[in-house]
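Engineer: below are the sequence and a predicted model; questions follow.
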Amino acid sequence: MSDGWGVAPPAVACVGLSCRDHVWRVERFPPAVSRTHAEGYRADGGGPAATAAVAIARLGARARLWAIHGDDDDGRANAAELRAYGVDLAGCHAPPGARSFVSAVLVAPDGERYIFPYRGHGLADEPAAHDWAGLAGVGAVLVDGRHPRLAARAVDWAAAHGVPSVGDWGDLRHPELRARIDHLVASEEAGREAVGASAAEAADTAGGATDEATGDAVATAVRAAAALRDRPEQLVAVTLGPLGCVWDDGHDVWRQAAPRVAVVESNGAGDAFHGAYAAAIAGGLAVAEAVRLATAVGALRCAGEGRAALPDLPTARALADRLPPPAHLGRSRAQPGGPA
């Protein structure tokens with residue numbers, strides 16, 4: 001990897017959720033009694049698309065966001081924070097009288113987060129209310145599916161202009177939209193749901209996964225990548241948190257291991273991964289390089305609090321360059337829904 005993006009930094013269109021996270025660091029979870037002490041509190045911008053946009057901007061690429069903000073203090077705070085990070089908000093819209101999407105986020109002592117979302121009011125998913133001129137010149141479109149009509153508008157444009165689309169999928173909603181994504185990056189939870197695996201089958205990463213549990217989680221992700229594929233040419237990846245990422249490009253199946261970090265909190269780590277991956281694809285990097293960079297960015301996000309922990313490009317690349325090379329897990333079976 002070079003030290004920069006080349007002649008010009010890539011541009012990425014991020015389309016989806018921008019919300020406000022009210023984050024409490026609690027002394028124990030789950031609570032044992034009716035009142036549990038919080039050791040810290042802060043309010044941050046959140047949401048997959050918005051946090052991905054900040055990760056992209058922190059990497060020195062150009063981030064353009066299409067989101068719906070509330071016409072309230074939380075919405076204005078989100079917009080101000082995003083502008084301060086250098087995110088282009090020309091595609092955003094705040095409907096008059098709308099209430100923001102907000103989440104209570106409890107961060108346990110081990111850094112794991114538990115999210116309690118309130119989906120706001122009056123946040124109409126209406127593409128005509130947004131200015132789409134900023135799509136011109138982007139090298140990738142990243143959608144999270146939280147506003148499916150906005151996402152469909154962006155994916156339509158990407159397909160018509162030969163621009164790769166990247167999907168951040170945390171569950172199995174909107175299968176018709178998911179099927180049209182070029183690079184589908186699903187969460188471990190979505191992967192387990194796709195193959196009917198239980199949460200108990202995931203590796204116990206809180207206390208350090210055993211080799212057997214790691215193998216089970218990776219095997220489930222390999223099966224999930226095949227189950228989630230809707231067309232042979234679609235690349236499907238499944239993120240596994242501290243166990244890294246598995247991806248199936250339609251020819252081969254690979255796994256990138258993640259670095260060990262002292263986890264402060266994991267909130268937004270997946271969003272950071274998606275943003276870095278989309279920036280790398282927009283910048284012309286090969287998939288393996290994009291996954292390595294994204295893995296480093298996601299890990300570094302866990303090592304600090306909030307969006308301030310998101311790394312710049314030299315820091316992310318320094319960690320990415322120290323990662324082991326991807327492990328080849330075998331040949332793909334690229335038929336839609338076929339077994340791995």
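Structural biologist: Arrived safely, thanks for sending.
Engineer: need the longest helix for this structure.
Structural biologist: As assigned by DSSP state H, the longest helix anywhere in the chain is helix 211-228.
Engineer: remind me what the following helix or strand past that helix packs against, helices and strands.
Structural biologist: Next helix or strand after helix 211-228 toward the C-terminus (DSSP states H and E): strand 235-239. Secondary-structure packing of strand 235-239 (3 or more C-beta pairs under 8 Å, 6 or more residues apart in numbering; DSSP states H and E): strand 183-186, helix 188-195, helix 211-228, strand 245-248, helix 287-302. Quick note: C-beta positions are derived from backbone N, CA and C, even for glycine.
Engineer: avg pLDDT for the third one?
Structural biologist: Model confidence over helix 211-228, given as mean pLDDT, is 92.
Engineer: low-confidence bits of this protein, can you list those?
Structural biologist: 1-3, 198-209, 334-340 (pLDDT under 70).
Engineer: ok, which stretches of it are strands?
Structural biologist: Assigned by DSSP state E, the chain shows strands spanning 11-15, 19-26, 38-46, 62-66, 102-107, 113-118, 140-143, 165-169, 183-186, 235-239, 245-248, 252-256, 327-331.
Engineer: list the buried residues for stretch 285-301?
Structural biologist: 285, 287, 289-301 (16 or more other C-beta atoms under 10 Å).
Engineer: again with stretch 118-135
Structural biologist: 120, 123, 127, 130, 132, 134-135.
Engineer: and what of stretch 79-88?
Structural biologist: 79, 81-82, 85, 87-88.
Engineer: what separation do you get for the residue sitting nearest the centre point of the chain and residue 316?
Structural biologist: Taking C-alpha atoms, centre = their mean, the centroid of the chain lies closest to residue 271, which sits 2.7 Å from it. Separation of residue 271 from residue 316 (C-beta to C-beta, to the nearest Å) stands at 15 Å.
Engineer: if we can go back for a sec, measure how buried the residue lying closest to the residue nearest to the centre of the chain once chain neighbours are set aside is and give me the count.
Structural biologist: Spatial nearest neighbour of residue 271, chain neighbours left out: residue 51 (3.7 Å); criterion: C-beta to C-beta, 6 or more residues apart in numbering. Residues near residue 51, counting by other C-beta atoms under 10 Å, number 31.
Engineer: returning to that earlier point: can you add distance to residue 220 and give the strands of the chain back as CSV?
Structural biologist: Formatted as CSV, the strands of the chain follow (distance: least, C-beta to C-beta, whole Å):
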stretch, distance to residue 220
strand 11-15, 29
strand 19-26, 29
strand 38-46, 28
strand 62-66, 32
strand 102-107, 26
strand 113-118, 22
strand 140-143, 25
strand 165-169, 16
strand 183-186, 12
strand 235-239, 8
strand 245-248, 9
strand 252-256, 12
strand 327-331, 12
